[in-house]
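**Student:** predicted model and sequence below, questions to follow.
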Amino acid sequence: MVRIDLDIKNLNQAINDISRWEKTKRDAVRRAVNTSALNIQKGAKERCAVDTGRLRASIAMQPYQDGMTMQVGTKLHYAPYVEFGTGRYVSVPSGVKGVPEKGRGTPWMYPETKNGKKTGNMVWTRGSKPQPFLFPAAEAEKPKVISRIGKALKA
């Protein structure tokens, strides 16, 4: 049996220095991610179609993974219909999961409402054109967040 003993001086100091360095880098990346999430949220609100203002007001941020990941979006059920359109006008960016790439090809009717009440009339439609707000905001921010994180890790 061979035994090697190493006497490393200042090992605890080196471990503490590495831990401080890691915390500094994590904090810098968290700030970069948060800044970009705020920019995406702002950009989405600026691009958002407005009828009642409910959709715009619902665009929010949610942190995950101790702030290393941020989700920007809305929980309103009709948001995907505004973003991607409906019927024959559906337009979904490639790579989006869970959203059909094609909309309904045939026209349909639905009850007209005014101030939340049915009027008794029917509306004939082939769908509505997309009014993207979230994807364009995220795409505009993508190169900036990559740059920010790169700078945070280099600093």
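**Tutor:** Yep, that arrived. On a predicted model such as this, the values are computed, not experimentally measured, just so you know.
**Student:** helices or strands up against the host helix or strand of Ser36?
**Tutor:** Taking DSSP states H and E as the criterion, Ser36 maps to helix 11-47. On a contact count with 3 or more C-beta pairs under 8 Å, 6 or more residues apart in numbering; DSSP states H and E, helix 11-47 meets strand 60-64, strand 69-73, helix 134-154. Using the backbone N, CA and C atoms, a C-beta is placed for each residue, glycine as well.
**Student:** between these, which gets nearest to Ser36?
**Tutor:** helix 134-154 (3.8 Å; C-beta to C-beta).
**Student:** next, count neighbours for Gln13.
**Tutor:** Close neighbours of Gln13, defined as other C-beta atoms under 10 Å, add up to 9.
**Student:** same check, this time on Arg3
**Tutor:** 4.
**Student:** circling back to that earlier point, mind checking how far the helix holding Ser36 is from the chain centre?
**Tutor:** 17 Å (C-alpha atoms, centre = their mean, to the nearest Å).
**Student:** renumber starting at 23 from here on
**Tutor:** New numbering, starting at 23: the last item is helix 33-69.
**Student:** just want the angle from that helix to strand 91-95.
**Tutor:** Inter-element angle recorded for helix 33-69 and strand 91-95: 10 degrees (by axes from the mean of the first three to the mean of the last three C-alpha atoms, to 10 degrees).
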